[in-house]
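Trainee: Give me a 3D structure for the following:
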Amino acid sequence: MVNLKTIERPKDASFATQVPAALAAFGRKVMVDFANTQTELLDKQQKTNREWFDRMQSEANLASDLGSKLTAARSIPDMMTAWQFWAARRAEMMADDRTHLLTNYQMFADTLAQAASKAWRPDDSRKQT
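Mentor: Predicted coordinates for the structure are as follows:
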């Protein structure tokens with residue numbers, strides 16, 4: 001059992017008030033950084049969603065165009081030409097999808113890495129030059 005009379009108390013009363021104030025300031029800074037990171041991630045997610053929605057629209061337009069060309073085709077060679085065009089364009093779109101997916105992944109990973117590194121840096125290193 002701890003004897004409360006033997007525990008040394010700080011002689012300076014301001015020490016007891018400085019610690020909670022410093023913790024409150026640190027907590028506030030952490031919450032502001034967290035909120036800023038969340039806002040940045042949300043903005044990037046909205047941008048990414050718009051890009052993927054546009055991508056789905058272009059895929060739907062390509063499929064519709066294929067349907068129109070196949071309906072209008074008068075011969076097997078016309079149908080094959082329409083299918084070849086569709087397949088070539090679809091292959092290009094899949095390659096673009098892969099590039100966009102990797103770019104989006106890198107963008108989100110960079111944002112999260114920056115947020116994590118900000119949490120461990122001293123205050124003076126957070127200032128941007």
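Trainee: remind me which residues of the chain are low pLDDT?
Mentor: Scanning the chain for pLDDT under 70 picks out 1-19, 119-129.
Trainee: Tell me which stretches of it form helices.
Mentor: Taking DSSP state H, the helices of the chain run over residues 13-72, 76-120.
Trainee: got the angle for the shortest one vs helix 13-72?
Mentor: Helix 76-120 runs at 180 degrees relative to helix 13-72, counting by axes from the mean of the first three to the mean of the last three Cα atoms, to 10 degrees.
Trainee: And helix 76-120, what does it pack against?
Mentor: Secondary-structure packing of helix 76-120 (3 or more Cβ pairs under 8 Å, 6 or more residues apart in numbering; DSSP states H and E): helix 13-72. For every residue, glycine as well, the C-beta is placed using N, CA and C.
Trainee: tell me what the helix it packs on is packed against?
Mentor: So helix 13-72, by 3+ Cβ pairs under 8 Å, 6+ apart, packs with helix 76-120.
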